[in-house]
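Trainee: The sequence and its predicted three-dimensional model are supplied below.
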Amino acid sequence: MRRHLLSAADLDLGDATLILDTAEQIDTALAGREVKKLPTLRGRTVVNLFFEDSTRTRISFELAAKRLSADVINFAAKGSSVSKGESLKDTALTLEAMGADAIVCRHSASGAPHRLAEWVQGSVINAGDGTHEHPTQALLDAYTIRRRLGRLDAVRVTIVGDVLHSRVARSNVVLLDTLGAQVTLVAPPTLLPVGVESWPAEVSYDLDAVLPKADVVMMLRVQQERMNASYFPSVREYSRRYGLDARRMATLPDEAIVMHPGPMNRGMEIAAEVADSVRSTIVEQVSNGLSVRMAVLYLLLGGAHMPDGAVA
Amino acid sequence: MRAAQKPVQPEALSGRTILDSTAIARIIDRIAHEIIERAGDEHLPALTLLGIPTRGGPLAHRLARRIEVFIERPDAGIAIGSVDITLYRDDLRSRGLRPLAPTVIPDGGIDGRHVVLVDDVLYSGRTVRAALDALREVGRPRVVQLAVLVDRGHRELPIRADYVGKNLPTSAREQVRVRLTEIDGTDEVVVL
């Protein structure tokens, strides 16, 4: 493992498998226990540096660090010196001076965690940067698929929706390819990024044609807050062509699962009856996220400090 | 007159096979008998063997198998599990990263059980301390005992084993290597 987790592309097959295996061991070690706490990271400090709103990711990282007995500081840009104009660099150096061993960073600007990693000594974990990457989400998705289907190799994963604005899709395409899965992206042409043909994934515009051949369907949230133009005619039109409803779900193979990174727009990209069905792993993804983030924190902070790039 | 005597060297252990497969099998049999004797009829039904990975696991299974034979109840179903102690180590910061091993707590937990921790080598005692910490989070056994194949001395904590296969006075420079068929393809204990 490297010192930082900035991008799903940083992980080779060995690293990614190590993280998933570690998450599984942590899961079994804590299963059925009343006290779900481990002393592993006692005395370490983890800072949650969130410049963008988040519920599940921030809480998930906070709980993961606390379960490993690390001290957690939550830093939200609102109400901090950032609103007085302090730069990312000065904020980072301040946190480092206070002894942060790891900084979990979410930022609306793509690449912010990479810059951060150049300035600080501790580990930096990318918890979502703009429309770029969200590696721990991809890891928890891969972990969820492996737990449900028992494998990742040659699993056919269809990712549907707003690929253009989705860091989840970007990280997932890279990581799932590393792990041997076959990814198909389905989206209206306006919601596919430039250069998508160079990604290790197939592209389709026809959801109905792809579903019968999918082991996993991952629905993406339509990110209206990032949309400054009209990418599709209307919500109804989008939902009719790219939404997953009960009729479409029935065309999936028997074992196939439905995933969503959350938060969902029920009735838009996913129908409520689909979100609440037995195929849906949406709630599992949240609890798996906790195990995967504990694994990442353990692997980055658990050992002795190693020079950058060294393999543990 | 004899020539000046050389100081007596302790017998060099290095490179020697200390236990072969026959000796290991005998030790397992003896410890199995001792566990039965110490637990008694009263506590035998509550017996839980927990191996400390990696090589405590197979040893716990072998002990359980032999105990079932000796009490003439091959279907006794002695509870077996494993406790990985990596996340409880106190030397994580000074050593490289370690991969985790499985922790399996038998159904019904360990509350009120007669727990025997099983490991291959007892050395500093830190592994056992970590295992005790791990157990505390899982439940409250009635009693916790420790069984080891080899006790090589050099304790750094006030910890002792209840069942010892072989006491092996080693120097700290030596390494004790335990090999078990289930993992290494052969049964032997050698000093390197």
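Mentor: Everything's here; your move.
Trainee: Now do the SS call for the closest residue to chain B within chain A.
Mentor: Residue of chain A nearest chain B, by CB to the nearest CB: residue A:303 (3.2 Å). Bear in mind the C-beta positions are built from the backbone N, C-alpha and C, glycine included. Classification of residue A:303 using DSSP: H, G, I helix; E, B strand; the rest coil returns coil.
Trainee: what's the nearest residue to it if we skip its chain neighbours?
Mentor: residue B:97 (3.2 Å; CB to CB, 6 or more residues apart in numbering or on different chains).
Trainee: Can you report how many residues lie near that neighbour?
Mentor: Neighbourhood size, residue B:97 [other CB atoms under 10 Å in any protein chain shown]: 19.
Trainee: Am I right that it falls within a helix?
Mentor: No: counting by three-state DSSP, residue B:97 is not part of a helix but coil.
Trainee: Next one, pLDDT for it please.
Mentor: We have a pLDDT of 81 for residue B:97.
Trainee: Now it: phi and psi?
Mentor: Dihedral angles of residue B:97 (phi, psi; degrees, to the nearest 10) stand at phi -70, psi 140.
Trainee: quick one on the thing from earlier: got a list of what the residue of chain A closest to chain B touches?
Mentor: When contacts are counted by CB atoms under 8 Å, 6 or more residues apart in numbering or on different chains, residue A:303 touches A:312, B:92, B:93, B:95, B:96, B:97, B:98.
Trainee: Identify the farthest-apart pair in those residues.
Mentor: Within the contacts of residue A:303, A:312 and B:93 form the most distant pair, 13.1 Å apart (CB to CB).
Trainee: The closest residue in space to residue A:188 that isn't next to it in sequence and residue A:239, how far apart?
Mentor: Nearest residue to residue A:188, sequence neighbours excluded (CB to CB, 6+ apart): residue A:232, at 5.6 Å. From residue A:232 across to residue A:239, the span is 10 Å (CB to CB, to the nearest Å).
Trainee: ok, now residue A:97?
Mentor: Separation of residue A:97 from residue A:239 (CB to CB) stands at 50 Å.
Trainee: quick one, which of those two is more surrounded?
Mentor: Per other CB under 10 Å, whichever of residue A:97 and residue A:239 has more neighbours is residue A:239, with 19 against 9.
Trainee: okay but the more buried one is in contact with residue A:266, surely?
Mentor: No: applying CB atoms under 8 Å, one finds residue A:239 not in contact with residue A:266, separated by 10.7 Å.
Trainee: any residues in contact with both of these two?
Mentor: Here residue A:239 and residue A:266 share no contacting residue, scored by CB under 8 Å, 6+ apart.
Trainee: these two touch, right, residue A:204 and residue A:185?
Mentor: Yes: judged on CB under 8 Å, residue A:204 makes contact with residue A:185 at a distance of 7.2 Å.
Trainee: Give me the more crowded residue out of the two.
Mentor: Higher neighbour count among residue A:204 and residue A:185: residue A:185, with 27 against 14, using other CB under 10 Å.
Trainee: that's a helix at that one, yeah?
Mentor: No: counting by three-state DSSP, residue A:185 is located in no helix; its state is strand.
Trainee: Pull up the gap between residue B:28 and chain A, please.
Mentor: Note on residue B:28: its distance to chain A, by CB to the nearest CB, to the nearest Å, is 27 Å.
Trainee: does that residue belong to a helix or a strand, and which?
Mentor: Using DSSP states H and E, residue B:28 maps to helix B:21-43.
Trainee: From the contact counts, what lies against that helix?
Mentor: Contacts defined by 3 or more CB pairs under 8 Å, 6 or more residues apart in numbering or on different chains; DSSP states H and E place helix B:21-43 against helix B:56-70, strand B:114-122, strand B:143-151, strand B:163-167, strand B:188-191.
Trainee: and it, which residues are buried?
Mentor: Applying a neighbour-count criterion of 16 or more other CB atoms under 10 Å in any protein chain shown, one finds B:23, B:24, B:27, B:28, B:29, B:31, B:32, B:35, B:36, B:39 buried in helix B:21-43.
Trainee: Repeat that for stretch A:42-55.
Mentor: A:44, A:45, A:46, A:47, A:48, A:49, A:50, A:51, A:52, A:54.
Trainee: Save the residues you listed as a markdown table, and put in pLDDT and distance to residue B:77 too.
Mentor: Formatted as a markdown table, the buried residues of stretch A:42-55 follow (pLDDT from 0 to 100; distance: CB to CB, whole Å):
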| residue | pLDDT | distance to residue B:77 |
| --- | --- | --- |
| A:44 | 94 | 42 |
| A:45 | 95 | 46 |
| A:46 | 96 | 43 |
| A:47 | 95 | 49 |
| A:48 | 94 | 47 |
| A:49 | 93 | 52 |
| A:50 | 93 | 51 |
| A:51 | 91 | 56 |
| A:52 | 89 | 54 |
| A:54 | 87 | 48 |
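Trainee: So which of those sit within helices?
Mentor: Under the assignment DSSP state H, those contribute nothing to helices.
Trainee: Once you drop chain neighbours, what's closest to residue A:235?
Mentor: Spatial nearest neighbour of residue A:235, chain neighbours left out: residue A:268 (5.9 Å); criterion: CB to CB, 6+ apart.
Trainee: so what pLDDT did the residue sitting furthest away from the middle of chain A get?
Mentor: Using CA atoms, centre = their mean, the residue of chain A lying farthest from its centre is residue A:84. It sits 30.4 Å away. Note on residue A:84: pLDDT of 71.
Trainee: first to last residue in stretch A:237-252, what's the distance?
Mentor: Stretch A:237-252 has an end-to-end distance of 22 Å (CA to CA, to the nearest Å).
Trainee: what about it, average pLDDT?
Mentor: Stretch A:237-252 comes out at a mean pLDDT of 95.
Trainee: got a list of contacts for that stretch?
Mentor: Under CB under 8 Å, 6+ apart, the answer for stretch A:237-252 is A:160-161, A:186-188, A:207-208, A:211-212, A:214, A:217, A:219, A:222, A:232, A:258, A:267-271, A:273-274, A:277, A:279.
Trainee: what does stretch B:172-190 give?
Mentor: Contact with stretch B:172-190 is made by B:13-21, B:24-25, B:54-55, B:57-59, B:61, B:120-121, B:123, B:149-150, B:152, B:154, B:166, B:168, B:170, B:191-192, as judged by CB under 8 Å, 6+ apart.
Trainee: What subset of those residues is buried?
Mentor: Using 16+ other CB under 10 Å, the buried ones in the contacts of stretch B:172-190 are B:13, B:18-19, B:24, B:54-55, B:57-59, B:61, B:120-121, B:123, B:149-150, B:152, B:168, B:170, B:191.
Trainee: Export the buried residues of stretch A:42-55 as CSV, with columns for distance to chain B.
Mentor: Formatted as CSV, the buried residues of stretch A:42-55 follow (distance: CB to the nearest CB, whole Å):
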residue, distance to chain B
A:44, 9
A:45, 14
A:46, 15
A:47, 19
A:48, 22
A:49, 23
A:50, 27
A:51, 30
A:52, 31
A:54, 27
